[in-house]
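1. Here is my input, please return the structure:
(chains A and B)
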There are 2 protein chains.
Amino acid sequence: MLKTVWSERRKLVEEALKVELYRERPLNKTLGEAMEYSLMAGGKRLRPILLMAAADAVGAEGTDFLCTACALEMIHTYSLIHDDLPAMDNDDYRRGKYTNHKVYGDGMAILAGDALLTLAFEVMTRQKGVSKEAIFQVVSEMSRAAGAAGMVGGQAIDLQSEGKRISMEELRQMHLGKTGALFRAALRSGAILGGANASQLEALTKYAEAFGLAFQITDDILDVIGDSSVIGKPVGSDLRNEKSTYVTLTSLEEAQELANTTIDKAICALEGLGHEADFLRELVKYLSDRKN
Amino acid sequence: MLKTVWSERRKLVEEALKVELYRERPLNKTLGEAMEYSLMAGGKRLRPILLMAAADAVGAEGTDFLCTACALEMIHTYSLIHDDLPAMDNDDYRRGKYTNHKVYGDGMAILAGDALLTLAFEVMTRQKGVSKEAIFQVVSEMSRAAGAAGMVGGQAIDLQSEGKRISMEELRQMHLGKTGALFRAALRSGAILGGANASQLEALTKYAEAFGLAFQITDDILDVIGDSSVIGKPVGSDLRNEKSTYVTLTSLEEAQELANTTIDKAICALEGLGHEADFLRELVKYLSDRKN
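-> Numbering: from 1, shown residues only, chains lettered A, B, ... in the order given. Model (predicted):
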């Protein structure tokens, strides 16, 4: 089930992204191209998939919230563009293609990121078929997750810890922000739009937190044992850049064990939900043998 | 009246900005400092002042919307931080102080801008005393104005026209985005929050468009005849950087004349509004002899 649904929905996301991107014409052609270049560069579309799956899990129809799912993917994409800049991680490749600034220059890449973040909030307000109250909650959820107390805060910790050995607790804090916050917003937004009750929302929040951690640990593992042609970027870069990761701070074996117990935790969090949450159960299990 | 009200409200804005900035703790201390550095660096607070004045003009109490006014100032501040970066305008000074990246480095400056833009949308959802419907409209208004079809689009035109001579029409397009869109969002958001009817909203939109143009022309004039110690940055930089401006594309005299007729246009737009709009009338007149 996992692969079929994922691939169908990924297609829906990609079509919708293009529609939302060009609903209003950018003032500058190159800016529009730079935005499209990174937004349509493929990728797993994991965050939109999670958002829709959370809505399914509480008995709604996930694809009804494609619009908000696209907004979330725009936030994710903007963060990758800025993260790759020479002033940050200085990466030349992403998903097997040149990074945005390598093609359009640093200035245009900064603007493309800015524009995608801004567009995300516009797109959220375009969501149909739910109350303004629910959209309002989603805007609040997303902005908090993406900001200084969430994703951007995590990036700042990352920036400041470059070349330094940080503690396991600092590493956890960094990832809670850098990747965890947006996964949390994905699941919670889907749940809110789908009309979740308090206990469903709590269950999906717990799932999200475990999912985010498991994602990060398996990401660190992939950097060591992955295949660069599948990942789309060189392996071993964390070690070369002296980055603290779950693997470098412990060992490959310990990291793998921590990943497995965290995946179990995510599944347990969904205990109170029915078979509508099966996709989410499968999704977190896939992390243990992901290839990219 | 103008100076007293302006100065009182500017104080209110500055107090509120600090409260909104720290309502949620940034994950990283330096990131918080970098955000505060630029947000609290003074400035005229013109956009928040305009937003509140638009609400006054339709019979509401402008200061009730301090929260949304702060959100707008955060968007403005983020745009200045990114605009000053070496990859963009490469400016070392702003308001007589080092620019953000000169103090915190390029990476942290990018993140501080990102975080302020994101926070702006969070702060908008904190606005009390109005319907969710009105806030919803404001989020839509602000995101469209700040994005690829507005402010960021204008910045992209600016980036691409560096060192090139552009036409008067291209210059107009650039400024419509770069500064005009946010002025428009300021006036329209204030009007919407204040409960404007359709004809009031139209009048304030027309005023905003003329105000934005007059602001830009007088800004270009100041770069030629201003006092650098009052402006807080060197004069003559447009000429040195071969930037196309209303002065370089025409002449100082023609630019001054265009500024005056545009100011008259702004005042005429307010014809149907009562004395509640007097502040806006005075405000646009001040542009003709502004010193910074």
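2. where does chain A have its least confident helix or strand?
-> Taking mean pLDDT, DSSP states H and E as the measure, chain A has helix A:228-231 as its least confident helix or strand, at a mean of 68.
3. Give the next helix or strand downstream of that helix.
-> The C-terminal neighbour of helix A:228-231 among helices and strands, as given by DSSP states H and E, is helix A:237-240.
4. Leaving out chain neighbours, which residue sits closest to the residue in the stretch 51-200 of chain A that chain B sits nearest to?
-> Checking the stretch 51-200 of chain A residue by residue against chain B with Cβ to the nearest Cβ singles out residue A:153 as nearest, at 2.8 Å. All C-beta spots, glycine's among them, are computed from the backbone N, C-alpha and C. On the basis of Cβ to Cβ, 6 or more residues apart in numbering or on different chains, the spatially nearest residue to residue A:153 that is not a chain neighbour turns out to be residue B:27, at 2.8 Å.
5. which ones are touching that neighbour?
-> Residue B:27 sits next to A:148-150, A:153-154, A:156-157, A:173-174, A:176-177 when contact means Cβ atoms under 8 Å, 6 or more residues apart in numbering or on different chains.
6. try 10 Å this time
-> Listed by Cβ atoms under 10 Å, 6 or more residues apart in numbering or on different chains, the contact set of residue B:27 reads A:147-157, A:173-174, A:176-178, A:181, B:115.
7. what about it, which SS state?
-> Local secondary structure at residue B:27 is given as coil here, using DSSP: H, G, I helix; E, B strand; the rest coil.
8. Give me the pLDDT for residue A:238.
-> On the pLDDT scale, residue A:238 is placed at 73.
9. An error on my part: the question was meant for residue A:249.
-> With respect to pLDDT, residue A:249 has a value of 87.
10. That one and residue A:167, how far apart?
-> With distances taken as Cβ to Cβ, to the nearest Å, residue A:249 is found 8 Å from residue A:167.
11. Those two: which has the busier surroundings?
-> residue A:249 (16 against 11; other Cβ atoms under 10 Å in any protein chain shown).
12. what's the closest non-adjacent residue to the more buried one?
-> Per Cβ to Cβ, 6+ apart, closest to residue A:249 is residue A:168, 5.6 Å.
13. Run a quick neighbour tally on the one you found.
-> Applying other Cβ under 10 Å, we find 11 residues neighbouring residue A:168.
14. give me the number of residues near the residue of the stretch 51-200 of chain A closest to chain B?
-> Tallying neighbours of residue A:153 according to other Cβ under 10 Å, which is how burial is gauged here, yields 27.
15. Quick one: residues contacting it.
-> The neighbours of residue A:153, taking Cβ under 10 Å, 6+ apart as the test, are A:146-147, A:173-174, A:176-178, A:181, B:24-28, B:31-32, B:111, B:115.
16. Please check those residues and keep the buried ones.
-> By neighbour count, with 16 or more other Cβ atoms under 10 Å in any protein chain shown, those hold A:146-147, A:173-174, A:176-178, A:181, B:26-28, B:31-32, B:111, B:115 as buried.
17. Sort out for me which of these are in helices.
-> Among those, the residues falling in helices (DSSP state H) are A:146, A:173-174, A:181, B:31-32, B:111, B:115.
18. ok, which stretches of the stretch 51-200 of chain A are strands?
-> Under the criterion DSSP state E, counting those that start in this stretch, strands of the stretch 51-200 of chain A are mapped to A:93-94, A:97-98.
19. looking at those strands, which is closest to residue B:125?
-> With Cβ to Cβ, the closest approach to residue B:125 among the strands of the stretch 51-200 of chain A belongs to strand A:93-94: 31.7 Å.
20. Quick one: mean pLDDT over that closest one.
-> Regarding strand A:93-94, the rounded mean pLDDT is 93.
21. What strands line up against that strand, and which way round?
-> The sheet places strand A:93-94 alongside strand A:97-98 (antiparallel), with pairing taken from DSSP bridges.
22. Thought residue A:281 was touching residue A:273, still the case?
-> Yes: applying Cβ atoms under 10 Å, one finds residue A:273 in contact with residue A:281, separated by 9.0 Å.
23. shared neighbours of the two, anything?
-> For the pair residue A:273 and residue A:281, residues contacting each of them under the criterion Cβ under 10 Å, 6+ apart are A:57, A:207.
24. In contact with the residue nearest in space to the middle of chain A, which residues?
-> Nearest residue to the geometric centre of chain A (Cα atoms, centre = their mean): residue A:47, 4.7 Å. If you count contacts by Cβ under 10 Å, 6+ apart, residue A:47 has them with A:13, A:69, A:72-73, A:75-77, A:179, A:182-183, A:185-187, A:189-190.
25. Kindly recompute the last result at 6 Å.
-> Shown here is residue A:47, whose contacts under the criterion Cβ atoms under 6 Å, 6 or more residues apart in numbering or on different chains are A:72-73, A:76, A:186.
26. Ok, residue A:66 next?
-> For residue A:66, the set of contacting residues under the criterion of Cβ under 6 Å, 6+ apart consists of residue A:16.
27. same check, this time on residue A:259
-> A:214, A:217-218.
28. Could you export the residues you listed as TSV, including neighbour count and pLDDT?
-> As requested, these are arranged in TSV below (neighbours: other Cβ atoms under 10 Å in any protein chain shown; pLDDT from 0 to 100):
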residue	neighbour count	pLDDT
A:214	25	96
A:217	26	94
A:218	24	94
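29. Among these, which lie within helices?
-> Those of these mapping onto helices are A:214, A:217-218, per DSSP H.
30. and which of those residues is nearest residue A:96?
-> Relative to residue A:96, the closest of the ones in helices among the contacts of residue A:259 is residue A:218; by Cβ to Cβ it sits at 19.6 Å.
31. Tell me if stretch A:187-206 is near chain B.
-> No: remark: stretch A:187-206 sits outside contact range of chain B, by Cβ under 6 Å from any Cβ of the partner chain, the gap being at least 13.2 Å.
32. Just the endpoints, please. Distance across that stretch?
-> Terminal residues of stretch A:187-206 are spaced 10 Å apart (Cα to Cα, to the nearest Å).
33. That stretch: which residues count as buried?
-> For stretch A:187-206, a neighbour-count test (16+ other Cβ under 10 Å) marks A:187-194, A:196, A:200-201, A:203-206 as buried.
34. what pLDDT, on average, does it get?
-> Per-residue pLDDT values across stretch A:187-206 average out to 98.
35. do the same with stretch A:106-124
-> If you average the pLDDT over stretch A:106-124, you get 98.
36. ok, now stretch A:37-49?
-> Averaged across stretch A:37-49, the pLDDT comes to 96.
37. Next, the buried residues of it.
-> Under the neighbour-count rule (16+ other Cβ under 10 Å), stretch A:37-49 has A:37-39, A:41, A:43, A:45-49 buried.
38. what does stretch A:268-276 give?
-> Applying 16+ other Cβ under 10 Å to stretch A:268-276 flags A:269-270, A:273, A:276 as buried.
39. can you check stretch A:89-102 too?
-> Under the neighbour-count criterion of 16+ other Cβ under 10 Å, stretch A:89-102 has A:89, A:91, A:94, A:99-102 buried.
40. Can you name the residues that contact the residue lying closest to residue A:187 once chain neighbours are set aside?
-> Leaving out its chain neighbours, the residue that sits closest to residue A:187 by Cβ to Cβ, 6+ apart is residue A:208, at 3.8 Å. With contact set as Cβ under 6 Å, 6+ apart, residue A:208 has these partners: A:183-184, A:187.
41. Tell me who's in contact with residue A:146.
-> Neighbour list for residue A:146: A:75, B:118 [criterion: Cβ under 6 Å, 6+ apart].
42. Quickly note the distance from it to residue A:79.
-> Residue A:146 sits 8 Å away from residue A:79 when distances are taken as Cβ to Cβ.
43. cool, residue A:212 as well?
-> Applying Cβ to Cβ, the value for residue A:212 to residue A:79 is 14 Å.
44. Fine by me, thanks again.
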